[in-house]
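# Give me the fold of what follows.
(one chain, ligands or ions: 1)
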Amino acid sequence: MNASHNDAGDTTILIFGASGDLTARKLIPALFQLSRQGYLNERCPVIGVARRAKSDEQFRNELQASVLKDESVAAWERFSRQLFYRQVDITKEADYVNLGQATAQLEQQLGTEADAPRIVYLATTPSLFDDAVCGLHAAGMIPAERKHSDRLRVVVEKPFGHDVKSAEILNEQLRNRLNEDQIYRIDHYLGKETVQNILLFRFGNAFFEPLLNRNHVDNVQITVAESIGMEGGRGGYYDTSGALRDVLQNHLLQLLCLIGMDPPALFQAREIRDEKMKLLQALRPGVEGHVDSWAVRGQYTEGLVDKQPALAYRDEQRVPPKSSRETYVAMHVEIDNWRWAGVPFYLRTGKRMSERVTEIAIQFKHPPLNLFSTIECDGDLCNIVEARRNQLVLRIQPQESIFLGFSTKRPGMQYQVQPVAMDFDYEDHFTSQLPEAYERLLLDVMRGDSTLFTRSDELLAAWRFVAPVLQHWETGPAGLEFYPAGTWGPAAADRMLAESRRVWREPKV
Ligand code: BG6
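Numbering: from 1, shown residues only. Below is the predicted model:
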């Protein structure tokens, strides 16, 4: 056997929902890249499964357009030889027997190692998860003995539930036939290079970590801002979800876990997830009392994004004209433990905001005594400029970087304060392109490493935390504020910080 240095070993990959957008946009391009880099060898069949009748050839041709860059024709031709399509109605148990036989036959054809793991990627609506797992079970594709359970791994996409109850039901359906360690719940944020770097940055360096606690940190702001709206007819789905379910409950809380958790005893899946779980258990509303005092929602009206006119949310395709669904959410939360007690964490995410930017900004306390301030005048108007808070900003995307903001003396005959930054930019240091999140995550499933996937208890804890907000918002549109597309969100979010005389950082991309 001719294993390359990177080769993750033989694996069969079955993608359910192979006609969907995710398969063409993310999964196949990621597998193609893994194949080009030698991680996915030619003995690994990749089998697309969906309801429509289609030949292997048709399937390959359809996908070719979504992955092909000029120089990669030969590589695609090589890769497409291991790409197949099988017609399956996910709801029909009988179809799984044929699928089982077809899979075995294709493995034989490609010379896949006997007992190599099989990965079933459920890129379907969650309402089909149960049918899929029951069908796999009925066809004998789920190993009966626990010691062989690692031979079948099931990957599920978000949305994983709509609230606590529905997430519990989905969990139960999967756990009826599978063990927890066979289930890989994807949160693609965890596969982003810069998100993975949070743990290394914190626990692989000696000088930042001792500062990350209530003694030194004034507040932490986590922003996941998007400038896109409801492109591609996404309004239909989005209107059943909203910013809280779509991004805050998963991506944003995962970022919070990574920046706030304590160091794990070992850099291993269980230990890391245990620490994240402890943090989620310590999560509290930042203000006692009514939901409106710590959670704010907004919806965009028409405006300008990147100097282009943008529609109001209610005028977007497939969005009901009177929708009160939030396209923006901001929260003030606290982590009630020894490290963070009393430190406000401000979270915000929204569509159609000024910029696309995801970042974590840690703002430090002022020095105990303010010795330096500058008087700056503009005409008759004079202001006292004091040293700004020191900041540590982890920019997740775009222009991935880490920078430290601090004050320095402006050269001259007086002590004048000048804010400056020390910058680490990925682009300046690494020539290779950052890998796509799905490449890393698919490779991890092939390797059987679940570190970057969400465990069921984490997921339920996240749903439980947001439950009171969801319930409150479900009762009516009270408190929904509007913001023009292309701005940083509703005024209510500014007021929330102004209560404690703080302001949102304006990320400059
Ligand atoms: C998805 C959400 O999970 O994440 C989308 O459903 C959102 O609404 C996307 O646009 C953001 O991901 P990224 O990687 O573009 O920041």
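# can we go C-alpha only for contacts and neighbour counts from here?
OK.
# how close does the closest residue to Arg352 other than its chain neighbours get to Arg245?
In this structure, Arg352 finds its nearest non-sequential neighbour in Ser227, 4.1 Å apart by Cα to Cα, 6 or more residues apart in numbering. Using Cα to Cα, to the nearest Å, Ser227 is found at 18 Å from Arg245.
# and those two? which has more neighbours close in?
Neighbours of Ser227 and Arg245, each counted by other Cα atoms under 10 Å, are more numerous for Arg245; the result is 23 against 17.
# So what does the spatially most central residue of the chain have for phi and psi?
Centrality entry for the chain: nearest residue to the mean C-alpha point is Tyr189, 2.6 Å, by Cα atoms, centre = their mean. Backbone torsions of Tyr189, given as degrees, to the nearest 10, read phi -60, psi -30.
# What of Thr374?
Torsion angles, degrees, to the nearest 10, at Thr374: phi -120, psi 140.
# quick one, helices of the stretch 251-400 of the chain?
For the stretch 251-400 of the chain, the helices defined by DSSP state H, counting those that start in this stretch cover 253-260, 269-281.
# what angle separates the first one from helix 269-281?
Translated: helix 253-260. Here helix 253-260 points in a direction 100 degrees away from that of helix 269-281 (axes from the mean of the first three to the mean of the last three Cα atoms, to 10 degrees).
# give me every residue that touches the residue nearest to Arg352.
Residues near Ser227 by Cα atoms under 8 Å, 6 or more residues apart in numbering: 305, 351-356, 486.
# Restricted to strands, list those.
Val305 (DSSP state E).
# got a winner among the contacts of Ser227 for most neighbours?
Result: Arg352 is most packed of the contacts of Ser227 (other Cα under 10 Å), 33 neighbours.
# how far away is that one from Val164?
Counting by Cα to Cα - Arg352 and Val164 are separated by 28 Å.
# ok, now Lys508?
36 Å.
# out of these two, which sits in the more crowded spot?
The residue with more neighbours, out of Lys508 and Val164, is Val164; 18 against 6, by other Cα under 10 Å.
# That one is in contact with Glu458, isn't it?
No. The pair formed by Val164 and Glu458 falls short of the contact definition of Cα atoms under 8 Å, at 11.7 Å.
# what residues are shared contacts of these two?
Common neighbours of Val164 and Glu458 (Cα under 8 Å, 6+ apart) do not exist.
# about what we covered before: looking at the helices of the stretch 251-400 of the chain, which one is packed in the most?
Highest mean neighbour count of the helices of the stretch 251-400 of the chain: helix 253-260, a mean of 22 (counted as mean count of other Cα atoms under 10 Å).
# which SSE is Lys158 in?
Taking DSSP states H and E as the criterion, no element holds Lys158; it sits outside all helices and strands.
# thought it was touching Tyr184?
No. Under the criterion of Cα under 8 Å, Lys158 makes no contact with Tyr184, lying 11.0 Å away.
# Have a look at the two and say which one is more surrounded.
Tyr184 (27 against 17).
# neighbours of the closest residue to Thr408 other than its chain neighbours, just the number please.
Leaving aside its sequence neighbours, Thr408 sits nearest to Gln418 (Cα to Cα, 6+ apart; 5.2 Å). Residues near Gln418, counting by other Cα under 10 Å, number 17.
# Identify the residues contacting His137.
Here His137 is in contact with Arg177 (criterion: Cα under 8 Å, 6+ apart).
# pretty sure the residue nearest to Thr408 contacts Lys409?
Yes. Gln418 is in contact with Lys409 according to Cα under 8 Å; the separation is 5.9 Å.
# of all the helices of the stretch 251-400 of the chain, which lies closest to Gln317?
helix 253-260 (29.2 Å; Cα to Cα).
# where's the closest one relative to the chain centroid, distance-wise?
Mean-position distance between helix 253-260 and its chain equals 11 Å (Cα atoms, centre = their mean, to the nearest Å).
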